[in-house]
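# Predicted model, plus sequence, below.
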Amino acid sequence: MQVVELSNHPSDMLHDVTLRRRAADRRAQDRYEDALIRHQAAVQAIRVKRDRARRQRQWLTWLRLAFAVASQKRRAPRTPPPSKNGNDAEEKIRAGIAGEQQVATELSRALADDWTLLRGYRNRRGEIDHLLLGPQGLFAIEVKNINATVHIDGDRWRADKYDNYGNLVEQRPITDRGGRSPSQQLNEPADDLERFLHERGQQVTVQRVVILTHRRSRLGPTKNPTKNPTVNVGTSTAHLLTLVHAGPADPQRAGLTERQRAEIARLIRRDHDFHERTRRPRTRHR
């Protein structure tokens, strides 16, 4: 399998989060050092008064100032701990990167050279972790590292987390910062890519797959059978490979020829490059 890296947004995000965390740690350290200097100055000022009282044999004043020195020393500022929020965010991003790399590695081992994995595609509707292009079609893949049982009701996703005794300890919706569930995160850019390809003569169906890579990820039962997930969901790369080997999503269509695949890959790169450029405040016609 060939791998084409269009961009590496998770690594860029990790770099940005790390820089922000380090900057926050530096600011906290600077505040601590300023407070420590002020504290040491205050302690020294009391010591000077205490020592003067001793020389002058003002024993009650000396005793009061001796207690004041001890009291002031106990008010020393504490060394700031490392930024917990920044570290948590970094760990989540690292786990996501590891999940994406795991999927890429397992696909590379299983698929021949007539398959291409395009990583980090982006258009105006969002980003797709992987686009897998081969004789059996085009697959848009979203990778999620979720340590929970995942319940899906149409485009509504929920994570239930249990402790070691089977008690429910956390229940939360699964959304990004824009409030989109994983299926919406995938469908929106996939719909736009499919439209883009159709307008340029490539009548290919973009098949959508969400892979839950965490070893404790589970799929919960569907309570409402009328609301099926709007994407295919599995807990391993093997699930995706089953779909790949099943053939084209539309049985009326044959697989993609080498020439078609080359043109689709070219268009995907063109579309991605356009949107990468227009992330800056400048627009062009594609």
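Done, it's in. Numbering: from 1, shown residues only.

# mind listing the strands for the stretch 51-200 of the chain?
Taking DSSP state E, counting those that start in this stretch as the test, the strands found in the stretch 51-200 of the chain are 116-123, 126-134, 137-144, 149-153, 156-162, 168-173.

# Now do the longest one: everything it contacts.
Contacting residues not belonging to strand 126-134 are listed as 9, 100, 103-104, 107, 111, 114-122, 138-143, 180, 185-186, 188-190, 193, 240, 244, 256, 261, 264-265, 268 [Cβ atoms under 8 Å, 6 or more residues apart in numbering]. (C-beta placed from N, C-alpha, C; glycine too.)

# Counting neighbours, which of those residues end up buried?
Of the members of the contacts of strand 126-134, the ones counted as buried by neighbours, 16 or more other Cβ atoms under 10 Å, are 100, 103-104, 107, 111, 115-122, 138-143, 180, 185-186, 188-190, 193, 240, 244, 256, 261, 264-265, 268.

# ok, and the closest non-adjacent residue to Met13?
Leaving aside its chain neighbours, Met13 sits nearest to Ile93 (5.7 Å; criterion: Cβ to Cβ, 6 or more residues apart in numbering).

# Arg119 now?
Glu5 (4.9 Å).

# now Asp30: how far from Ala24?
Distance, Asp30 to Ala24, using Cβ to Cβ, to the nearest Å: 11 Å.

# These two: who's more crowded?
More crowded of Asp30 and Ala24, by other Cβ atoms under 10 Å: Ala24, with 15 against 11.

# Would you mind listing where the stretch 151-286 of the chain has pLDDT under the threshold?
In the predicted model of the stretch 151-286 of the chain, residues 223-227, 247-254, 280-286 satisfy pLDDT under 70.

# would you list every one of the helices in it?
Per DSSP state H, counting those that start in this stretch, the stretch 151-286 of the chain carries helices over the ranges 182-199, 237-246, 258-277.

# Check the stretch 1-150 of the chain too.
For the stretch 1-150 of the chain, helices defined by DSSP H, counting those that start in this stretch occupy the ranges 9-55, 59-74, 84-110.

# Which other helices and strands does the shortest one contact?
So the one you mean is helix 59-74. On a contact count with 3 or more Cβ pairs under 8 Å, 6 or more residues apart in numbering; DSSP states H and E, helix 59-74 meets helix 9-55.

# one step back: most packed of the helices of the stretch 1-150 of the chain?
helix 84-110 (a mean of 16; mean count of other Cβ atoms under 10 Å).

# Compute the first-to-last residue distance for stretch 210-221.
End-to-end span of stretch 210-221 (Cα to Cα, to the nearest Å): 17 Å.
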